[in-house]
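Asker: Could you look at this predicted model? Sequence included:
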Amino acid sequence: MTRGAAMSNARPTEAVVEQRRQDVLNYVIDRGEARIGDLASVFGVSLMTMHRDLDDLAGRRMLRKKRGLVEAFPPQTMETATRFRAGLHTAEKEAISAAAAARVRPGASVLLDDSSTLFPLARMLGEVEELTAVTNSVTIARILSLAGREVVLAGGRYRAEFDSCTGPDVLRSLSRLRTDIAFMSVTTIARGRMYHPIQDYAEIKHVMHESAERTFLLADHSKFGKTATYAHGDAAIFDVVITDDATPQHELDAIRDLGTDVEVVSPNDPVGHMRITPESEEWATAVYARRGGAE
């Protein structure tokens, strides 16, 4: 890119900057440390911009800057990374979660991954009677357990920075289970292809969608148009993608071209996004036929 072209670009929004800083934080936590110059190259920004990002993260005591390097704070990674992710795009996550929660009926079994996008959904599902939840997220397990719901924690190697479990034990646990519905999110998605920066978690997401009758991808607009190291399938594996109305139209079209339904919600429409669609009514009727039609 020429200097003139770069200067003509619009200044990134605050949400874009915060999302990039989250990605930088996750990248450094996964590796323990990274060279600042390498980070600038990986994330496609100038060295000055990367220093600003790292100064911000260091000021919040999420990372520690050294001469030419940046490193994570191991004792603090669980609190900082999880809190940071959960605090992004909260209005969109609430609206998306409300649309997802409307799909769940009393007595359902649900599978949830460890994405912060699902934290509001877990809180809402705490209101669903006789719910059984399966998750690899300690955060989500805690939310639902405190609400009095039955929780199966897929345990394995604990990753403090994500407050969740990963590894072959989690994969084996999930492969032995079958739930009515699975809710998952994604680190990044571009033209229907999904990515994660950590291979273990990419593998978990791949297995999760095989462990449920119906699967839903929940992703706010900030997840779209970017890639990461490991691809783990495309949106065709999901029955429905739920996102917000700031997601670019070409990204929505790419998902629909794969044959997956897309539900778009607005964080400014607290009533509209709560509606249960005819499609979800049909699914609920089939799943709960064994209950004699009772809801």
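Answerer: Nice, I can see it. Numbers count the residues shown, from 1 in each chain.

Asker: I'd guessed residue 46 sits against residue 40; true?
Answerer: Yes - with contact defined as Cβ atoms under 8 Å, residue 46 counts as touching residue 40 (6.5 Å). (Each C-beta comes from the backbone N, C-alpha and C, glycine too.)

Asker: show me what contacts residue 252?
Answerer: Residues counted as contacts of residue 252 (Cβ atoms under 8 Å, 6 or more residues apart in numbering) are 243, 262, 264.

Asker: how about CSV for those residues, with distance to residue 22, secondary structure and pLDDT added?
Answerer: Supplementary listing: the contacts of residue 252 in CSV, determined by distance: Cβ to Cβ, whole Å; DSSP: H, G, I helix; E, B strand; the rest coil; pLDDT from 0 to 100:
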residue, distance to residue 22, secondary structure, pLDDT
243, 18, strand, 97
262, 24, strand, 97
264, 23, strand, 97
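
Asker: Compare those and tell me which is most surrounded.
Answerer: Compared across those, residue 243 has the highest neighbour count, 25 neighbours, by other Cβ atoms under 10 Å.

Asker: and the gap between the residue nearest to that one when sequence neighbours are not counted and residue 252?
Answerer: Distances taken as Cβ to Cβ, 6 or more residues apart in numbering put residue 219 closest to residue 243, at 5.4 Å, once the chain neighbours are dropped. Applying Cβ to Cβ, to the nearest Å, one obtains 11 Å for the distance of residue 219 from residue 252.

Asker: who does residue 65 bridge with?
Answerer: Per DSSP bridges, the residues bridged to residue 65 are residue 70.

Asker: was I right about it contacting residue 55?
Answerer: Yes - distance between residue 65 and residue 55: 7.3 Å, which falls inside the contact criterion (Cβ under 8 Å).

Asker: So for those two, which sits in the more crowded spot?
Answerer: Neighbours were counted for residue 65 and for residue 55 using other Cβ under 10 Å; residue 65 has more, 15 against 12.

Asker: hmm, back to that, what is the burial count for the residue nearest to residue 243?
Answerer: 27.

Asker: close enough to count as contact, it and residue 186?
Answerer: Yes - contact between residue 219 and residue 186 holds when scored by Cβ under 8 Å: they sit 5.3 Å apart.

Asker: returning to what we had before: okay, the contacts of residue 252 in JSON lines with distance to residue 234 next?
Answerer: Below are those laid out as JSON lines (distance: Cβ to Cβ, whole Å):
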{"residue": "243", "distance to residue 234": "15"}
{"residue": "262", "distance to residue 234": "14"}
{"residue": "264", "distance to residue 234": "19"}
